[in-house]
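Enquirer: sequence first, then the predicted structure, then my questions.
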Amino acid sequence: MREKVKVINSIIIASLTILFASYAFSADWQMFRGNSLHSGASADTTLVPLVKKWTYTTGGSIYSSAAVAGGIVYFGSNDGKMRAVYATTGNQKWTTSLGSVIASSPAVGNSRVYFGCDNGKFYCLDDSNNGAILWSYPPSGSIGFIRSSPLVSNNNRVYFGSSNGKVYCLNATTGDSIWIYSAAPDGFVYSSPAMDDSGVLYIGIDMSNDSGTLLAIKAETGENTEAKKWECVFSWPLGGGPGLSSPIISGDSIFIGTSGNFLYGVNRSDGTEKWKCKLGGSIVGSPVVDSGVVYVGSTDGKVYARKAADGSSEWSYTTSGWIQSSPVIASRIVYVGSDDRHLYALGADTGSLLWKYPTTGSIGELSISPSLSDGWLYIGSYDSCMYGFVSYDRLNAILGKVTSGDGITPINGALIEALQNDVLKGYAITDSNGDYLLTDLTPGYYDVRALAISGFISSAFKNVSTSTKDVNYSISFNYTLGTISGLVKVGNQPLDGAIIELSQRSYLIATPNTENGGLYKITNLLPGTFTVKAKYGSTNLGTKVITLQLGQSLATVDFTITSALPPEGIYNYPNPTKTENTAIRYLLNFSNPEAEIFIYNIAGELVRYIENNEIASIGGSTYEYTWDCRDGSNNPVTSGTYIYTIKAYDKVTGEIAVGSKKLAIIR
């Protein structure tokens, strides 16, 4: 019989839960934000930690949120293809090439997939026939960029907006036009329509004069002058840029955000303003409402919780990047992506961080709205990947926490093993919070233990079954937990905002960002060998292997980028932009630099010249210029692809560095 070892200083594994379930498809997410109300909420249980089960890589950045129906996930991407993949495996069912950027999120119904393209056409594909095109609208020509995500109603109609300022209603079977509503001849419609149970359609209209309109029209008779029920006009200071989020319907209210930093609550019956509150940045994504609270992200990097009744503050949570993603909610957990390349799970009541996951791209870089279906979460990223996550309770899972003898200090890098008849069936490594998760176990009884210091010290085994919870373990050790820390620099200048990935035995256990002068620190580590990778954006800056010896309290791992103007350090966000502003950033390894930026159109013509005194230093070796998408005569530039070139030189050494990147503007 296996016995517990004597405890000198113990590691305790707490809150051990074993859950088994099979996959099912009880709640589809058939269109943008899940349904015609754009609620963004799911009644399915979706609990953290989420487990990434698959990654599907496309040929271009993903701007399209996924639709989920019948066990299939549908989404478009920048490579011009609409895809259908199986929800639990990520394996491809079919792909259809349209030859144009797809940023419109699809809607799915009756084995048909509806969406718009940047080529000015709206498509209907046959899911039962490998995504074959059933019809497109208009039959010839185009109607402008279609980035509005469609709504399919129960009476066989499909609704969407276009950059030509019009709202369209088509027959969902034939693609024939039923009505066209000219909402704003001088504006554009990127907002996605929502519909209430009385058949009223709500949609945001962006104007070119720093204002926007929330429009309510009768869905049955949209082309007639009497179809308009009401309109609510919003305006904001010059320079805020046009931009309304897609509206959501909750009870007797409509909630909508603006690029002028305001969140509005509007009466659904007559369009009068209930309240408005100013946040710290533009609101690009749509809000979500649950239990009387509105949750929304902002370009100041914060997620805000405001009371639905009056807009007063409940809480806010700060990430390290813009939030353009529309949050969703399930099981009182708010899920949202950030431009800092992480997917976040926040407690809806307090805003506390429950869990986060790093992607390789910028997750607006996750500016895409997550989709929820039957305990799964799907989200696309600018790294060209669609990710499939599942709630741990949908898996055959064992999870828990490892702490030191004080029951508080988490332990990084402890090995958890599950055995049957002395045969290893699964293992996991604790992360920076001391948490671990064993998945994909078959139902039954397991001997589970914790191992420390590369297996030299072990806890006792306990035999646990599916009905056992909160099983605790202890192991003995006498040593100080270690720390890995370091500095990331560009030349002699520290780099904030780099991501450090610490892994052991192929398990990712910590992902801190550098801050306060390029510094990072990972504490409470068991002795062992670790891989440390530094990244900036989607580019690797270097990988090193370090061994934390028994009794060693500190190991240092530094990274230095020697290129004067590294390509991986040049980027702009948002890209593409539809908010009238895009921030151009670059890293520059010069001791006494000057720089200038040249912006060209695709024909090579100079559109805008930026002098050194217009470029701001934002810390360390990082510089930023926010372009208002206007030319040298202060006229708005047209939609299209632009190339920006940074030319820099060191005033001391005379060294010159040049770098270029592309950006896209969608109007």
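Expert: Happy to help now that I have it.
Enquirer: helix or strand with the lowest mean pLDDT in this protein?
Expert: Least confident helix or strand, the chain: strand 12-19 with a mean of 35, by mean pLDDT, DSSP states H and E.
Enquirer: helix or strand next in line after it, which one?
Expert: strand 41-42 (DSSP states H and E).
Enquirer: show me what the helix or strand following that following strand is packed up against.
Expert: Following strand 41-42 in sequence order, the next helix or strand is strand 50-57 (DSSP H and E). For strand 50-57, the packing partners by 3 or more Cβ pairs under 8 Å, 6 or more residues apart in numbering; DSSP states H and E come out as strand 353-358, strand 385-391. In short, each C-beta sits where N, CA and C put it, glycine included.
Enquirer: what's the mean pLDDT across strand 50-57?
Expert: Averaging pLDDT along strand 50-57 gives 91.
Enquirer: now do that strand and strand 385-391, the angle between them.
Expert: Angle of strand 50-57 versus strand 385-391, following axes from the mean of the first three to the mean of the last three Cα atoms, to 10 degrees, is 160 degrees.
Enquirer: so what strands line up beside strand 50-57?
Expert: Neighbouring strands of strand 50-57 in its sheet, by DSSP bridges, are strand 385-391 (antiparallel).
Enquirer: which residues touch the strand it pairs with?
Expert: Contacts of strand 385-391 with the rest of the structure, by Cβ atoms under 8 Å, 6 or more residues apart in numbering, involve 45-48, 50-58, 62, 66, 73, 75, 83, 85, 87-88, 90, 343, 357, 359-361, 375-381.
Enquirer: so for it, mean pLDDT?
Expert: In this model, strand 385-391 has an average pLDDT of 93.
Enquirer: quick one: Asn613 is in a helix?
Expert: Yes. Asn613: assigned to a helix according to DSSP: H, G, I helix; E, B strand; the rest coil.
Enquirer: could you check how far it is from Tyr625?
Expert: 11 Å (Cβ to Cβ, to the nearest Å).
Enquirer: out of these two, which sits in the more crowded spot?
Expert: Higher neighbour count among Asn613 and Tyr625: Tyr625, with 23 against 8, using other Cβ atoms under 10 Å.
Enquirer: so what pairs up with that one in the strands?
Expert: Bridge pairing for Tyr625 - DSSP bridges - gives Ile584.
Enquirer: list the contacts for it?
Expert: Ala583, Ile584, Ile597, Ile610, Glu614, Ile615, Ala616 are the contacts of Tyr625 under Cβ under 8 Å, 6+ apart.
Enquirer: tell me which element the closest residue to the fourth one other than its chain neighbours falls in.
Expert: Right, Ile610. Leaving aside its sequence neighbours, Ile610 sits nearest to Ile597 (Cβ to Cβ, 6 or more residues apart in numbering; 4.0 Å). In the assignment (DSSP H and E), Ile597 maps to strand 593-601.
Enquirer: that strand pairs with which strands?
Expert: Strand 593-601 has the following sheet partners, assigned by DSSP bridges: strand 606-610 (antiparallel), strand 640-650 (antiparallel).
Enquirer: buried stuff in it?
Expert: Pro593, Ala595, Glu596, Ile597, Phe598, Ile599, Tyr600, Asn601 (16 or more other Cβ atoms under 10 Å).
Enquirer: swap in stretch 331-343?
Expert: The neighbour-count check on stretch 331-343 (16+ other Cβ under 10 Å) flags Ser331, Ile333, Val334, Tyr335, Val336, Gly337, Ser338, Asp339, Asp340, Arg341, His342, Leu343 as buried.
Enquirer: dihedrals phi and psi, the last one?
Expert: Here the main-chain torsion angles of Leu343 (degrees, to the nearest 10) amount to phi -100, psi 130.
Enquirer: so who does it touch?
Expert: So Leu343 contacts Tyr335, Val336, Gly337, Lys356, Tyr357, Thr359, Ile363, Leu366, Pro370, Ile379, Tyr387, Phe389 (Cβ under 8 Å, 6+ apart).
Enquirer: so which of the buried residues of stretch 331-343 would you say is closest to Leu550?
Expert: Nearest to Leu550, judged by Cβ to Cβ, of the buried residues of stretch 331-343 is His342 at 33.1 Å.
Enquirer: quick one on the thing from earlier: next step: the buried residues of stretch 331-343 restricted to strands.
Expert: Of these, the ones assigned to strands by DSSP state E are Ile333, Val334, Tyr335, Val336, Gly337, His342, Leu343.
Enquirer: my guess is the first one meets Thr45, correct?
Expert: No. Distance between Ile333 and Thr45: 10.0 Å, which falls outside the contact criterion (Cβ atoms under 8 Å).
Enquirer: and the residue nearest to Ile610, how close does it get to Leu606?
Expert: In terms of Cβ to Cβ, Ile597 sits 11 Å off from Leu606.
Enquirer: buried residues in stretch 629-640?
Expert: Applying 16+ other Cβ under 10 Å to stretch 629-640 flags Cys629, Asp631, Val637, Ser639 as buried.
Enquirer: wait, the last one touches Ile665, no?
Expert: Yes. Ser639 is within contact range of Ile665, at 5.5 Å (criterion: Cβ under 8 Å).
Enquirer: does Thr318 touch Tyr304 like I think?
Expert: No. The pair formed by Thr318 and Tyr304 falls short of the contact definition of Cβ under 8 Å, at 10.3 Å.
Enquirer: those two: which is more packed in?
Expert: Using other Cβ under 10 Å as the criterion, Thr318 and Tyr304 rank with Tyr304 on top: 28 against 12.
Enquirer: show me the shaky parts of the stretch 451-600 of the chain.
Expert: By pLDDT under 70, the weakly predicted segments of the stretch 451-600 of the chain are 452-479, 537-539, 578-579.
Enquirer: from Gly654, how far off is Ile256?
Expert: Using Cβ to Cβ, we find Ile256 at a distance of 53 Å from Gly654.
Enquirer: same question for Tyr446.
Expert: For Tyr446, the distance to Gly654 equals 67 Å [Cβ to Cβ].
Enquirer: the more surrounded of the two?
Expert: A count of neighbours by other Cβ under 10 Å puts Tyr446 above the other of Tyr446 and Gly654, at 23 against 7.
Enquirer: quick check: pLDDT value at that one.
Expert: We have a pLDDT of 83 for Tyr446.
Enquirer: OK, contacts around the closest residue to it other than its chain neighbours?
Expert: In space, Tyr446 comes closest to Ala418 once its chain neighbours are excluded; the distance is 4.4 Å by Cβ to Cβ, 6+ apart. Counting by Cβ under 8 Å, 6+ apart, Ala418 touches Ile398, Leu424, Lys425, Gly426, Tyr427, Leu438, Leu441, Tyr446, Asp447, Val448.
Enquirer: quickly find the element holding Ile484.
Expert: Ile484 belongs to strand 482-490, assigned by DSSP H and E.
Enquirer: Thr272: which of the buried residues of stretch 629-640 is nearest?
Expert: The closest of the buried residues of stretch 629-640 to Thr272 turns out to be Cys629 (Cβ to Cβ; 33.1 Å).
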